[in-house]
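Asks: Here is my input; please provide its structure:
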Amino acid sequence: MTPIFLPLLAQAAPPAQNSSTTFIMMALMFVMMYFVLIRPQRMKQKEHEKLISNVKVGDHVVLNGGEHGIITSVKDRTVMIKVADNVKIEYDRGAIASVSKKSDVVEATTA
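Replies: So this is what the prediction gives:
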């Protein structure tokens with residue numbers, strides 16, 4: 001072997017790592033992923049469940065498909081929504097994307 005290649009071979013060899021350092025880095029990555037991805041998603045899901053559980057008759061809702069309507073009756077797992085005159089459709093509660101309360105709509109029209 002010529003002395004020219006010896007510095008290149010010395011650089012190519014990976015440095016020996018301690019297994020505890022690797023474990024700590026993996027744990028830190030998991031903690032970062034929890035706070036960046038998992039925790040905000042859980043908080044958003046809990047907020048949506050609370051929103052769905054508190055719907056009542058007369059609330060104006062927007063559904064996941066973009067339909068707007070007014071809740072006319074509430075059951076355990078479903079809600080009946082009036083989307084037009086004499087048109088009522090029963091949806092699963094999970095289809096509700098957002099709720100704008102009846103009082104909010106009245107305030108918006110008067111202001």
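Asks: quick one, helices of the chain?
Replies: 6-12, 19-33, 39-53, 102-110 (DSSP state H).
Asks: Worst mean pLDDT among those?
Replies: Comparing mean pLDDT over the helices of the chain, the weakest stretch is helix 102-110, at a mean of 49.
Asks: what pairs with residue 100 across the strands?
Replies: residue 60 (DSSP bridges).
Asks: Double-check it against residue 58; I have them as touching.
Replies: No. With contact defined as CB atoms under 8 Å, residue 100 does not count as touching residue 58 (11.3 Å). (Each C-beta comes from the backbone N, C-alpha and C, glycine too.)
Asks: Nearest residue to the middle of this protein?
Replies: residue 41 (4.3 Å; CA atoms, centre = their mean).
Asks: residues in contact with it?
Replies: By CB atoms under 8 Å, 6 or more residues apart in numbering, the contact list for residue 41 is empty.
Asks: burial of residue 93, as a residue count?
Replies: 16 (other CB atoms under 10 Å).
Asks: thought it was touching residue 51?
Replies: No. Counting by CB under 8 Å, residue 93 stays clear of residue 51, with 9.8 Å between them.
Asks: need the contact list for residue 57.
Replies: 71, 72, 73, 74.
Asks: any idea how far residue 43 is from it?
Replies: For residue 57, the distance to residue 43 equals 28 Å [CB to CB, to the nearest Å].
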